[in-house]
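# structure for this input, please:
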Amino acid sequence: MNFNKVLVLVVVAALLLVGQVDAGFLKKLGKKIEGAGKRVFNAAEKALPVAVGVKALGK
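Below you'll find the predicted structure:
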């Protein structure tokens with residue numbers, strides 16, 4: 001029975017340590033995704049008025 005308690009304690013401690021280390025990686029990944037999203041948004045802002053203008057000329 002003591003073994004189960006010790007095992008649970010070790011697993012919880014490992015999860016806490018891995019969770020803290022993993023947060024830095026996830027933050028970096030989130031920043032990269034956010035940057036890519038901003039680039040796509042800016043490109044769409046520039047391209048959509050041109051696309052709408054071309055579509056209007058076709059009518």
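
# where along the protein do the helices fall?
Using DSSP state H, the helices of the chain run over 2-58.

# pull the number of nearby residues for Glu45.
9 (other CB atoms under 10 Å). In short, each C-beta sits where N, CA and C put it, glycine included.

# and for the one 3 residues further on?
Here the neighbour count serves as a burial measure; for Leu48 (other CB under 10 Å) it reads 10.

# what does Ala43 give?
If we define neighbours as other CB under 10 Å, then Ala43 has 10 of them.

# dump the residue contacts of the residue positioned nearest the centre of the chain.
Geometric centre of the chain, nearest residue: Gly30, 3.4 Å, by CA atoms, centre = their mean. Not one residue lies near Gly30 by CB atoms under 8 Å, 6 or more residues apart in numbering.

# what distance do you get for Ala36 to Leu29?
11 Å (CB to CB, to the nearest Å).

# quick one on the thing from earlier: measure the residue nearest to the centre of the chain to Asn2 for me?
Distance from Gly30 to Asn2, by CB to CB: 41 Å.

# ditto for Phe41
57 Å.

# so which of the two has more stuff around it?
Phe41 (10 against 6).

# so for that one, what pLDDT did the model give?
Note on Phe41: pLDDT of 90.

# check Val18 too.
Predicted confidence (pLDDT) for Val18: 70.

# count of neighbours near Val40?
Neighbour number of Val40 under other CB under 10 Å is 10.

# from Glu34, how far out is it?
11 Å.

# now do Val18
Counting by CB to CB - Val18 and Glu34 are separated by 24 Å.

# likewise Lys5?
From Lys5 to Glu34 the distance is 42 Å (CB to CB).

# and for Val12?
Following CB to CB, the distance that separates Val12 from Glu34 is 32 Å.

# before we move on, what about Leu26?
12 Å.

# do the same with Lys27
10 Å.

# pLDDT of stretch 45-59, averaged?
Stretch 45-59 comes out at a mean pLDDT of 72.
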